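> Coordinates only, no sequence provided:
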């Protein structure tokens, strides 16, 4: 049983890249427009830096979530 499971998982892992499509093949209306989230690279960097400074605050929630 374990052997069959391992073979099955290996086949899935090998087939996964075959299902991936190039971004150019995907219709525009199905692609994320990241400019709707962050209008510029600077806006993204500012949001990232804000998150990095808040990460230490998560420690007080350890064991309570």
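Yes, it's here. Not measured: the values here are computed from a predicted model.

> which non-adjacent residue is nearest residue 47?
Residue nearest to residue 47 in three dimensions, not counting chain neighbours: residue 38, with 6.5 Å by CB to CB, 6 or more residues apart in numbering. Using the backbone N, CA and C atoms, a C-beta is placed for each residue, glycine as well.

> tell me the SS of the one you found?
Assigned with DSSP: H, G, I helix; E, B strand; the rest coil, residue 38 falls in the coil class.

> What values do phi and psi take at it?
When read as degrees, to the nearest 10, the backbone of residue 38 gives phi -130, psi 110.

> Over to residue 33?
According to degrees, to the nearest 10, residue 33 has phi -100, psi 100.

> Look up how far residue 25 lies from it.
Separation of residue 33 from residue 25 (CB to CB, to the nearest Å): 18 Å.

> Now do the most centrally placed residue in the chain, the pLDDT please.
With distances taken as CA atoms, centre = their mean, residue 32 lies nearest the centre of the chain, 12.6 Å away. Here the pLDDT value assigned to residue 32 is 88.

> That one: helix or strand, and which one exactly?
Using DSSP states H and E, residue 32 falls within no helix or strand.

> State the mean pLDDT of the lengthiest helix in the chain.
As assigned by DSSP state H, the longest helix anywhere in the chain is helix 2-19. Average pLDDT, helix 2-19: 78.

> Brilliant, that's me finished.
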